[in-house]
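*Asks:* no letters, just coordinates:
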């Protein structure tokens, strides 16, 4: 299971955007832990969050599309933090979004709703959250940690939106030490 979410530097994202952050963080690259190793685990994860009917059993193809969405979102979040955009990951994300067929509905209240069922519909619900966050300005505050291999998704609550790492006491310290060594050498005298 990923690192405890109660630590001060790992606060939840606002509203439904927390669902997107949790989905991206369903893999912890730093500790090499995967919450979605197979279609069955994906079905449980989506079902527990009310995104998918619990009786639906995701196929292998649906599972691959879900992982494409997760990694496409992570690529965008890394880009929000000054990283390079993985265009292939974003293209796969776009293909899944097209397949999910989001459309505007006015009943029971105005908003984006999926026209698809199953996993595609669940993924569309996540992408609708992203669209809403984009509209209210909170999406740009979602970032992925700049420390490689971490890439943990976090919500940048800093006033000037300059946060780079998910946690200063781990990833931030590692990156600052790395930068210091790069600037000043390893500290060993030449023989």
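*Replies:* Okay, I see it. Just so you know, these numbers come straight off a predicted model, no measurement behind them.
*Asks:* going by C-alpha atoms from here, please, whenever you check contacts or count neighbours.
*Replies:* Will do.
*Asks:* show the pLDDT at the closest residue to residue 35 other than its chain neighbours.
*Replies:* Take residue 35 and drop its neighbours on the chain: the residue closest to it by Cα to Cα, 6 or more residues apart in numbering is residue 26, 5.1 Å away. We have a pLDDT of 97 for residue 26.
*Asks:* I'd say residue 26 and residue 41 touch.
*Replies:* No. Using Cα atoms under 8 Å, residue 26 is not in contact with residue 41; the gap is 10.5 Å.
*Asks:* find the residues that touch each one of the two.
*Replies:* Both residue 26 and residue 41 are in contact with residue 35, where contact means Cα atoms under 8 Å, 6 or more residues apart in numbering.
*Asks:* and those two? which has more neighbours close in?
*Replies:* residue 26 (22 against 16; other Cα atoms under 10 Å).
*Asks:* mind jotting down where the helices sit in this protein?
*Replies:* Assigned by DSSP state H, the chain shows helices spanning 17-24, 39-48, 60-80, 87-100, 118-136, 173-184.
*Asks:* out of those helices, which comes closest to residue 158?
*Replies:* Among the helices of the chain, helix 60-80 comes nearest to residue 158, with 14.2 Å by Cα to Cα.
*Asks:* helix 87-100 and that closest one, what's the angle between them?
*Replies:* Inter-element angle recorded for helix 60-80 and helix 87-100: 130 degrees (by axes from the mean of the first three to the mean of the last three Cα atoms, to 10 degrees).
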